[in-house]
Each structure stands twice: as C-alpha cells, then as structure tokens.
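Asks: here's my sequence, what's the structure:
(one chain, ligands or ions: 1)
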Amino acid sequence: MAKPVSIRDVARRAGVSVGTVSNALNRPELVAPETLERVRSSIEALGFVRNGSARQLRAGQSRTVGLVVLDITNPFFTDVARGVEDAASDAGLSVILCNSDGDPDKEARYLDVLAEERVQGILIVPASADGGRRLQALRERGIAVVLLDRRATQASHCSVSVDDVAGGRLAVRHLLELGHRRIAFVGSGAVRQVKDRLRGATEAVVRAGCPRDQLIVVPVPALNVQGGRAAAAALAAIPASLRPTAAFCVNDLVALGLIQGATRLGLAVPGELSVVGYDDIDFAESAAVPLSSVRQPRQELGRAAAELLAEEVSGGPHEHRRVVLQPELVVRASTAPLLGAAPGDTAKRARHQSEPGATLEGASAPCA
Ligand code: RIB
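Replies: I've put the predicted structure just below:
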C-alpha cells in the first residue's frame, strides 16, 4: 500500500516550507495568493488528505463540536440539529452528530469518542439523569458542555430547554376545554421531558377540579410510531363505556402511530378519540387527520444552544445561562368536543395558545 502523502511532500513539490503549507491549510489569509495557488495545485496533484487527528493533536483542540441526541429517526431532533449546524457553521465550527438511542452506555461510548477527537465542546440531550457525572468529567478536561432540551440543575454549565410542564398543561387543558374527562397520557420512559409533560398534564387535571387519577397513563414500548400503534391496541381493548375519549401523546410520532392504529381498529379520530401530540413536527400538519400538537421551537432550540457553546469555547467573556423557551398549542382536526359536551367557547380557543396566564375560562363545568 503506497505511503500516504505527507505535508512535507506537498511543501517539497510546491517549493515552500512546511509552515507555509500549514498556513495555507489553516490560515490562508496569511499566504500570498500565488504561493497559495502553488500549494493548492501541489495538494491536488499529490492527492494530499490532511490528517485531522494529527492536526488536532498539535493544535490541542479541533474546530469541531459534538451533538448527541436521543433518536435521529425522530424529526424533532433533525430540526434541532438543523438549528445547531446553522449556528455552529456561523461560528466556524463543524458538528459531529451522535445518536445515543436513549442508551446511557452508547452515550458514554460516544462521549469518549468525542473526547478523543478533541472536540471543543459538546451539545447533548442526556439519555440518563446522571449524565451529569460523566459530563462533569468532560468539563474538567476542558471540554465545554451545553445541555440541550434539558434544563441544567447546576450553574456549572449552560442549557437550553422548553418548558415541558407548561406544554403538558396546554395539551390537557385543551382537551378539558373540549369537555373530555377520561383522558389518556400516552407515553413512558425515564427522560426528563416525558416526566415533565406528565407533571403538566396532571396539574391541568387537578386545576380543573378533577381527581389526579382521572388521567389514565398508557405506557408505550418506545416513543415512536410503533409505540403509538401499541397504545391504540391497548385503548381499543377498553370497553367503550370506560375508554378514554381523548389522548395526550408524549410526542408526535406516538400520536401519529396512535391515530393510525386507532383508525385501523375502527376507532374514529377525533369522533371517538381526540388526539394531541407534542413537538409539532412537519408531519403533524400533513397527517391524514391533521394533528393538534404542542409546538416546540425546534430550530430555535438548537441554534440557541449552539450559540451558547460557541460563545463559551471562543475564549471571550461568557456567563453560563439556562435558557427556557415556551411551547405553544397548535389546534388542528385531531381534537374535537366530546359528543354531547358543552365545549369551551371556541371563539376563545385561539388556534395557537400559550401558557402564561391562561386559565380554564370558557371551559365546560369542572369535573362532576
Ligand atoms: O425524545 C422524546 C421527545 O423528547 C422528543 O419527541 C422531543 O419531544 C423531546 O423533547
């Protein structure tokens, strides 16, 4: 196998020093145009490929950051990654995308890889609550860490998240205003986002004067379309007189799977089952039954986190901050008043509802 072309080979062929080739690669603004052209034609003629690891070793750190998400098949994370990449690119940083599948061991392996790659910083949606211990070790090695879609509990790092408790309240208050009283919370899992949505949903039920166990939790095997289909089978098996008439799903993929499964099992949406999702991914609006959903500002979430990280690694002035963005309810065809209920004053039910200060005004009577 031929010996790989080295930076010395390029310098010799171009008739310049190794330092000039290094500048041509890393700081071309320092090199005279005709010299730059000679170096570039030498690189092309020899097929030189720079050795990222070697360069990074010399420089101490790369101009790269890592992004670790829970599930790259979920459009929520694709949209967040878009925001991250836009902001990172604006700051001259490249992004290495890692998918943890919500598995703490896989997450740990990726964190080790990113450290070996000498990334300047890491944006992470933690798969586990105690990700903090591992993340603290990275900070002690000089790698900045920003929590994404998770509110930092210590002042030792930045975070950008969405108020998921408010989002859960928005979803269930909407269903209560439509007159629904038997409401399912469809979702499960250890991630903080799910727990906060359930907490908000429970608060909405209690605020409406209903007993907290009015909310029926329907666990799912996974937070995806298959999980939603499994939930549909569980709901369809409940006798109609006891079955929930509405469901708040922990994310849009589960909601779209629930609608698909319910329809196949002969449950009309929204006629027999109103469904609200969470994230408001692009598929929500274009679904067969356009999905009501709690919208998360996905690209804004990613951009804001990447901007905080870029500021921290720039070496300039930086104060750790915890940015919390607000969700909003987007009402579409998948939710409708309970048959025979006196729905809230629909005139007041704006298409988009936000949380602060909103009450159950115009809602039908509190729980009987
Ligand atoms: O990963 C599960 C969910 O958490 C995603 O759908 C998104 O809502 C995130 O916040």
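Asks: quick one: contacts for Asp282?
Replies: Taking CB atoms under 8 Å, 6 or more residues apart in numbering, we find Asp282 in contact with Pro75. Where C-beta positions appear, they are placed from N, C-alpha and C, glycine not excepted.
Asks: for the ligand, what's its nearest residue on the chain.
Replies: Asn251 (3.2 Å; CB to the nearest ligand atom).
Asks: which residue packs closest to that residue, ignoring adjacent ones?
Replies: If you skip the residues right next to it in sequence, Asn251 has Tyr278 as its closest partner in space, 4.9 Å away by CB to CB, 6 or more residues apart in numbering.
Asks: do Asp101 as well
Replies: Asp71 (6.4 Å).
Asks: Pro337 - that's part of a helix, no?
Replies: No - secondary structure of Pro337, determined by DSSP: H, G, I helix; E, B strand; the rest coil: coil, with no helix assignment.
Asks: rewinding a little: mind checking the SS state of the residue nearest to Asp101?
Replies: Here Asp71 takes the coil state, with states given by three-state DSSP.
Asks: my guess is it meets Lys106, correct?
Replies: No - with contacts counted by CB atoms under 8 Å, Asp71 stays clear of Lys106, the gap being 11.5 Å.
Asks: compare these two (neighbour count), which wins?
Replies: When Asp71 and Lys106 are compared for neighbours, Asp71 comes out ahead with 20 against 15, by other CB atoms under 10 Å.
Asks: how about that one, phi and psi?
Replies: Dihedral angles of Asp71 (phi, psi; degrees, to the nearest 10) stand at phi -160, psi 100.
Asks: ok, it - contacts?
Replies: Asp71 sits in contact with Phe77, Asn99, Asp101, Gly102, Leu223, Asn224, where contact means CB under 8 Å, 6+ apart.
Asks: now a PyMOL select for only the buried ones of the residues you listed.
Replies: Applying 16 or more other CB atoms under 10 Å to those, the buried members can be selected in PyMOL as follows:
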select buried, resi 77+99+102+223+224
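Asks: let me have the contacts of Asp71 in JSON lines, adding pLDDT, distance to Val269 and secondary structure as columns.
Replies: Conversion of these to JSON lines gives the following (pLDDT from 0 to 100; distance: CB to CB, whole Å; DSSP: H, G, I helix; E, B strand; the rest coil):
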{"residue": "Phe77", "pLDDT": "98", "distance to Val269": "26", "secondary structure": "helix"}
{"residue": "Asn99", "pLDDT": "97", "distance to Val269": "31", "secondary structure": "strand"}
{"residue": "Asp101", "pLDDT": "94", "distance to Val269": "29", "secondary structure": "coil"}
{"residue": "Gly102", "pLDDT": "91", "distance to Val269": "28", "secondary structure": "coil"}
{"residue": "Leu223", "pLDDT": "96", "distance to Val269": "20", "secondary structure": "coil"}
{"residue": "Asn224", "pLDDT": "96", "distance to Val269": "18", "secondary structure": "coil"}
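Asks: and the ligand, which of the contacts of Asp71 reach it?
Replies: Counting by CB under 6 Å from any ligand atom, Leu223 from the contacts of Asp71 sit close to the ligand.
Asks: turn the contacts of Asp71 into TSV, columns for distance to Leu235.
Replies: Below are the contacts of Asp71 laid out as TSV (distance: CB to CB, whole Å):
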residue	distance to Leu235
Phe77	27
Asn99	30
Asp101	27
Gly102	24
Leu223	17
Asn224	17
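Asks: picking up where we left off before, who touches the residue of the chain closest to the ligand in this structure?
Replies: Asn251 is in contact with Asn74, Phe76, Gly187, Leu223, Gly277, Tyr278, Asp279, counting by CB under 8 Å, 6+ apart.
Asks: tell me the secondary structure for the residue lying closest to the first one once chain neighbours are set aside?
Replies: Of all residues beyond its chain neighbours, the one nearest Asn74 is Leu253 (6.0 Å), with distances taken as CB to CB, 6+ apart. Three states are possible here, and by three-state DSSP the one that applies to Leu253 is helix.
Asks: show me the shaky parts of the stretch 1-150 of the chain.
Replies: Scanning the stretch 1-150 of the chain with the threshold set as pLDDT under 70 gives 1-2, 50-61, 129-132.
Asks: helices of that one, residue ranges please.
Replies: Assigned by DSSP state H, counting those that start in this stretch, the helices in the stretch 1-150 of the chain fall at 7-14, 18-26, 33-46, 52-59, 75-90, 104-116, 131-140.
Asks: closest one to Glu300 among those helices?
Replies: helix 75-90 (6.3 Å; CB to CB).
Asks: contacts only, for Thr20.
Replies: Contact partners of Thr20, counting by CB under 8 Å, 6+ apart, are Ala11, Ala14, Val31, Thr35, Val39.
Asks: any idea how far it lies from Ala11?
Replies: With distances defined as CB to CB, to the nearest Å, the gap from Thr20 to Ala11 amounts to 7 Å.
Asks: confirm Val276 sits in a strand?
Replies: Yes - per three-state DSSP, Val276 lies within a strand segment.
Asks: pLDDT score for it?
Replies: Confidence at Val276, expressed as pLDDT, is 98.
Asks: any idea how far Ser41 is from it?
Replies: Relative to Ser41, Val276 is positioned 60 Å away (criterion: CB to CB).
Asks: ok, those two, which is more surrounded?
Replies: Neighbour comparison, Val276 and Ser41: the larger count goes to Val276, with 30 against 12 (by other CB under 10 Å).
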